[in-house]
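In: Build me a structure from this.
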Amino acid sequence: MKITETIAAISSSAGSSGIGIIRVSGEESIEIVDQIFRSAKVGKTLKDVETHTAHFGHIVDGDQVLDQVLVLVLRNPHSYTGEDTVEIDCHGGVLILKKILELVLRKGARAAEPGEFTKRAFLNGKMDLSQAEAVMDLINSQNEFALNSSVNQLRGSVSEKIKEIRSDILYHIALIESALDDPEHISLDGYEEQIMEMLSGNMKKMKRMIDTFQNGKMMKEGIKTVILGKPNAGKSSLLNLMLGENRAIVTDIEGTTRDTLEEMITLGELSLRMIDTAGIRSTEDKVEQIGVLKAKEMAEDADLVIYVVDGSKELDENDQEILSLIKEKQTIILINKSDLENRISQEGIENLTGKDAIMFSAKEGNGLEILEDEIKKLFYQGQITYNDQVYITNIRQKDALENAYESLNNVEDSVNAGMPEDFYSIDLMNAYSELGSIIGESVEDDLVNEIFSKFCMGK
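Out: Okay, the predicted model is just below:
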């Protein structure tokens, strides 16, 4: 990509709306828009206006007026991309947006690639790579936790932590190299204690960040919540009840659900990735067997399991199999069909499993508020509590932190083994480089392209 090229794209969401935005960025952005903009103030041109100003007028194609618009001019470097940028705020009809964008492209801009505006912001030093990734997380946030975490990262919470650690590492790399080059003037006597103190402190910081990943991932993607139970226990009815619509097929025929069905549900500041599964039982039906196997696999990878028990029937061998699956999982048990005569008591199943149980009726909706409160209690007061802690939500960042941690651990081993100081430098440099990849200071072009290709168009 030539950084000198001027790019343009529709930056508002798809579909009709009151206002649509076309963003143009690059060296020729002001000149290009000037060719098609006619200010309401006679004789006024965009090339002569101050930065961060808005101008009322019309977009014209020759003698034809296409729309009445407001044009915003943002001169470099004080723009999102760090380049001259013009935003055309027009009416949000699909056709008019398309016509204005086509006109801008005819006048010399090219269509922007997905994420290219943010990519230019990164390349022009307006943000580092972790902040750029936070932009996409912010756009895709589905709950308050994810939103707050993304805003914190965009403000540099991750960057600051990484830069602090890299600064410490760089100091020790420089000290070792200087001492090796000039041993007469720079002594490393007693240096082992100094570097071990640095390693211990920064490894603790890195470990805390790595340990936030699971919670951060749940914030970003939603709590993976798998509904388990025997056929006809009421799993699909529960999903429909929580969604407030009939999304899953519900019949009296056992084995109706044969595949997984996933829906996103928001409970206050939490998002749940609710996954309905096939009823677990022994069966000769090949298709149903595949569904049962998939349900078990989903349970293994779940953040939360909701085990739906048919309270009108005694527990059997299929229930015992489910209990073995959820033994080590965060689980809430629903004793469904509480509107019928119960053969399973709440106290009895809690004593058997050591897990909380709720009397429930998917048919009548009884117990739904208790279930929602229990989920919130588990994750607000238990595994997830949002505060000012830095959360790692990105697998790329987590992998880099783990690699850097391992390199510092190697340095610690070398110190304990009494190895010469020049052995430390290799692993210190590896850690410094891995941490640099998080903020984009040591990252290959291919990775940068891969990251920004996942962004939405116009951003």
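
In: now the helices: where do they sit in the stretch 51-200 of the chain?
Out: Secondary structure of the stretch 51-200 of the chain (DSSP state H, counting those that start in this stretch): helices at 94-106, 116-123, 129-140, 144-154, 157-181, 191-211.

In: Point out where the stretch 201-350 of the chain drops to low pLDDT.
Out: Applying pLDDT under 70 to the stretch 201-350 of the chain flags residues 245-259, 268-269.

In: At which residues are the strands of it located?
Out: Using DSSP state E, counting those that start in this stretch, the strands of the stretch 201-350 of the chain run over 223-229, 261-267, 270-276, 304-310, 331-336.

In: Run me through the strand neighbours of the third one, direction for each.
Out: Right, the one you point to is strand 270-276. Strand 270-276 has its sheet partners listed here by DSSP bridges as strand 223-229 (parallel), strand 261-267 (antiparallel).

In: before we move on, back to that, with mean neighbour count added, can I get the strands of the stretch 201-350 of the chain in a markdown table?
Out: In short, each C-beta sits where N, CA and C put it, glycine included. What follows is those, written out as a markdown table (neighbours: other Cβ atoms under 10 Å):
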| stretch | mean neighbour count |
| --- | --- |
| strand 223-229 | 26 |
| strand 261-267 | 15 |
| strand 270-276 | 23 |
| strand 304-310 | 24 |
| strand 331-336 | 26 |
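
In: that older thread, of the strands paired with strand 270-276, which is nearest Tyr424?
Out: For the strands paired with strand 270-276, proximity to Tyr424 was assessed by Cβ to Cβ; strand 223-229 is nearest, at 41.2 Å.

In: orientation of that closest one relative to strand 304-310 in degrees?
Out: 20 degrees (axes from the mean of the first three to the mean of the last three Cα atoms, to 10 degrees).

In: And strand 223-229, how far out from the chain middle?
Out: Averaged C-alpha coordinates place strand 223-229 at 21 Å from its chain's average position (Cα atoms, centre = their mean, to the nearest Å).

In: Return the alpha-carbon coordinates of it using PDB.
Out: Taking only C-alpha atoms (Å, rounded to 0.1, in the frame of the first residue of the first chain), the coordinates of strand 223-229 have been written out as PDB:
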ATOM      1  CA  ILE A 223     -19.700 -16.300  28.500                       C
ATOM      2  CA  LYS A 224     -19.900 -19.600  26.700                       C
ATOM      3  CA  THR A 225     -23.000 -21.100  28.300                       C
ATOM      4  CA  VAL A 226     -23.900 -24.700  27.300                       C
ATOM      5  CA  ILE A 227     -27.400 -26.100  28.100                       C
ATOM      6  CA  LEU A 228     -27.100 -29.800  28.900                       C
ATOM      7  CA  GLY A 229     -29.800 -32.400  29.800                       C
END
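
In: neighbouring contacts of that strand?
Out: Strand 223-229 is touched from outside by 218, 235, 238-239, 270-277, 279-280, 295, 298-299, 301-310, 322, 325-326, 336, 375, 379, with contacts defined as Cβ atoms under 8 Å, 6 or more residues apart in numbering.

In: do the same with stretch 93-100
Out: Residues outside stretch 93-100 that contact it (Cβ under 8 Å, 6+ apart) are 10, 12, 14-16, 20, 22, 36, 59, 61, 66-67, 88, 90.

In: Would you mind giving me the ChimeraX syntax to select the buried ones in these?
Out: This is the ChimeraX syntax for the buried subset of these, where burial follows 16 or more other Cβ atoms under 10 Å:
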select :10,12,20,22,36,59,66,67,88,90
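
In: Identify those among the contacts of stretch 93-100 that sit within strands.
Out: Per DSSP state E, strands hold the following members of the contacts of stretch 93-100: 10, 20, 22, 59, 61, 66-67, 88, 90.

In: In JSON lines: the residues you listed, plus pLDDT and distance to Glu317.
Out: Listed next are the ones in strands among the contacts of stretch 93-100 as JSON lines, based on pLDDT from 0 to 100; distance: Cβ to Cβ, whole Å:
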{"residue": "Ile10", "pLDDT": "94", "distance to Glu317": "58"}
{"residue": "Gly20", "pLDDT": "93", "distance to Glu317": "60"}
{"residue": "Ile22", "pLDDT": "96", "distance to Glu317": "63"}
{"residue": "Ile59", "pLDDT": "96", "distance to Glu317": "71"}
{"residue": "Asp61", "pLDDT": "94", "distance to Glu317": "74"}
{"residue": "Leu66", "pLDDT": "95", "distance to Glu317": "71"}
{"residue": "Asp67", "pLDDT": "95", "distance to Glu317": "69"}
{"residue": "Ile88", "pLDDT": "97", "distance to Glu317": "67"}
{"residue": "Cys90", "pLDDT": "95", "distance to Glu317": "66"}
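
In: Surely Thr277 touches Leu238?
Out: No: counting by Cβ atoms under 8 Å, Thr277 sits too far from Leu238 to count as a contact (11.5 Å).

In: can you tell me which residues contact Met429?
Out: If you count contacts by Cβ under 8 Å, 6+ apart, then Met429 has Ile173 around it.

In: would you say it is within a helix?
Out: Yes: inclusion of Met429 in a helix is indicated when DSSP: H, G, I helix; E, B strand; the rest coil is applied.

In: distance of it from Asn410?
Out: Summarising the geometry, the distance separating Met429 from Asn410, computed by Cβ to Cβ, to the nearest Å, is 11 Å.

In: Within the helices and strands, which one has the closest residue in space to Glu434 that isn't next to it in sequence?
Out: Distance criterion Cβ to Cβ, 6 or more residues apart in numbering; nearest residue to Glu434, sequence neighbours excluded, is Ala404 at 4.0 Å. For Ala404, the enclosing helix or strand under DSSP states H and E is helix 395-416.
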